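Undergrad: coords please:
(one chain, ligands or ions: 1)
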Amino acid sequence: MHGANPILSLKAVRKMFGTHAAVDSVDLDIAEGEFFTIVGPSGSGKTTMLRMLAGMDTPTSGDIELKGERINDVPANKRPTCMVFQSLALFPHRTVGQNVEFPLKIRGEDPKLRKQRALQLMDLLRLPQSYYSKNVLKCSGGERQRVALARALAYDPQILFFDEPLSAIDYKLRKTLEKELKDIHRETKKTFVYITHSLEEAMVMSDRIGVMRAGKLVQVGTPQEIYSTPNTRFVSEFVGDVNVIPVNLGSDGLLHASALGEKLKAPRLPSGFSKGYLVIRPEFLTFLSERPENGNALGGRLYNEYVLGSRIQYQVRVGDSVFVVEKLRQQPFTGHLDDDVFIGWETNDAILVTD
Ligand code: ATP
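TA: Here you go, the predicted model:
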């Protein structure tokens, strides 16, 4: 986390709707200048959390502090923050320039300075200067997204909140805008708080990610930490394809996988671990020509393969379970469908998690 001082602090924040806690006892510090993303499945409480942070809703209990000052009841328009919506909310029938300049106009800035600042922001957002007098309705979806962001930046807020701004945009453009947003974050040095249900999107852009589940913030970490050391089965499965083996820690120090009839070597044990799941990502599984004498291996049958662009994914049936193995396309597995195969992994490439 960069910067020692949090710009936003949440202390035991809870939001009740009737008897349902949409956000439940969340503690979190967001550092000044950080790109922080909240991810979670539908209904996990992301929007409720963002609405409270932006001042569009108040917590039922707990405190939200901005630079150490309690702001629970300060309305959105009195906060030095700005929300960029999925639905864009631009003024139709107005030009790009009029849209970007709006915040400066309501602040009573001189028209000449307004235009100068709008052109600067358009430049930052890679919008051609000729667009200054273009009607926003004639702009593409991606361009409108940039106009909305330029307008948000014109308010010069301390924090920008983003509510799934890219979800309605097609894949290729979304990938481009994700990278641009990351660049803009770096160039403006502002604090960005972003919500999305797409962990992939969060991974590309964020300094840190907070994963929500049923109103609780279940893990906070860098993209690398969330990917390589998930603390629960839920987080590990949220991050992408994984192989999950239910295990018990035996008195022999080995992991007993009774469903597979195997005893496996244990990677680093979480403290107090006795029962949980061994998680292995598909890229850490390899095909072996024979069962190694002293390593982790499972015997199974190759039963499907899929080409996923630069990677190939293989499915291997082991007993009643299906394991996923991934290889780079340049280094495919040379076996055939229905072959008997062994799959193995380095003990420390697997992770032990609880529920
Ligand atoms: P999505 O990704 O689908 O937008 P989310 O993670 O943003 O979901 P929220 O919209 O914050 O989730 O909703 C969290 C929970 O709170 C849900 O169970 C939802 O039904 C409930 N909820 C949200 N707003 C209200 C409301 N105004 N009144 C009653 N219940 C609500």
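
Undergrad: distance check, the residue of the stretch 151-300 of the chain at minimum distance from the ligand against residue 346.
TA: Per Cβ to the nearest ligand atom, the residue of the stretch 151-300 of the chain with the smallest distance to the ligand is residue 197, at 4.9 Å. (Glycine included, C-beta is placed from N, CA and C.) For residue 197, the distance to residue 346 equals 32 Å [Cβ to Cβ, to the nearest Å].

Undergrad: those two - which one has more neighbours?
TA: Legend: neighbour count by other Cβ atoms under 10 Å for residue 197 and residue 346, higher for residue 197 (18 against 13).

Undergrad: over to that one: give its phi and psi.
TA: Per-residue torsions, residue 197: phi -90, psi 0 (degrees, to the nearest 10).

Undergrad: burial count for the residue nearest to residue 339 when sequence neighbours are not counted?
TA: Among residues not flanking residue 339 along the chain, residue 302 sits closest, at 5.0 Å (Cβ to Cβ, 6 or more residues apart in numbering). Applying other Cβ under 10 Å, we find 20 residues neighbouring residue 302.

Undergrad: surely residue 302 is in contact with residue 342?
TA: No. Counting by Cβ atoms under 8 Å, residue 302 stays clear of residue 342, with 10.6 Å between them.

Undergrad: so which strand or helix has the residue nearest in space to the middle of the chain?
TA: Centroid check for the chain by Cα atoms, centre = their mean gives residue 202 as the closest residue, at 2.8 Å. For residue 202, the element it lies in under DSSP states H and E is helix 199-205.

Undergrad: quick one: contacts for the closest residue in space to the residue nearest to the centre of the chain that isn't next to it in sequence?
TA: Counting by Cβ to Cβ, 6+ apart, residue 202 lies nearest to residue 37, which is 4.1 Å off, once chain neighbours are set aside. Residues in contact with residue 37 (Cβ atoms under 8 Å, 6 or more residues apart in numbering) are 193, 194, 195, 196, 201, 202, 205, 206, 208, 209, 210.

Undergrad: now the helix holding residue 202: average pLDDT?
TA: Averaged across helix 199-205, the pLDDT comes to 89.

Undergrad: packing partners of that helix?
TA: Helix 199-205 sits against strand 35-39, helix 171-188, strand 191-196, strand 208-213, helix 223-228, with contacts defined as 3 or more Cβ pairs under 8 Å, 6 or more residues apart in numbering; DSSP states H and E.

Undergrad: mind telling me which of those the model trusts least?
TA: Set side by side, the helices and strands packed on helix 199-205 give their lowest mean pLDDT on helix 171-188, at a mean of 86.

Undergrad: tell me the angle that helix makes with strand 35-39.
TA: Angle of helix 171-188 versus strand 35-39, following axes from the mean of the first three to the mean of the last three Cα atoms, to 10 degrees, is 140 degrees.

Undergrad: for the stretch 251-355 of the chain, which residue gets nearest to the ligand?
TA: residue 355 (20.5 Å).

Undergrad: that residue contacts residue 230, doesn't it?
TA: No. If you go by Cβ under 8 Å, residue 355 and residue 230 don't touch, sitting 11.9 Å apart.

Undergrad: higher neighbour count, these two?
TA: Taking other Cβ under 10 Å, residue 355 and residue 230 do not tie; residue 230 has more neighbours (22 against 8).

Undergrad: and the more buried one, which of the three is it?
TA: At residue 230 the chain is in coil, as set by DSSP: H, G, I helix; E, B strand; the rest coil.

Undergrad: and the one 10 residues further on, by the same measure?
TA: The assignment at residue 240 comes out as coil when based on three-state DSSP.

Undergrad: same check on residue 267?
TA: coil.

Undergrad: confirm for me that it is in contact with residue 350.
TA: Yes. If you go by Cβ under 8 Å, residue 267 and residue 350 touch, sitting 5.1 Å apart.

Undergrad: what touches both of these two?
TA: residue 278.

Undergrad: okay, those two: which has more neighbours?
TA: Higher neighbour count among residue 267 and residue 350: residue 350, with 24 against 19, using other Cβ under 10 Å.

Undergrad: got a pLDDT number for the spatially closest residue to the more buried one that is not a sequence neighbour?
TA: Distances taken as Cβ to Cβ, 6+ apart place residue 280 nearest to residue 350, at 4.6 Å, with adjacent residues excluded. As predicted, residue 280 sits at a pLDDT of 95.
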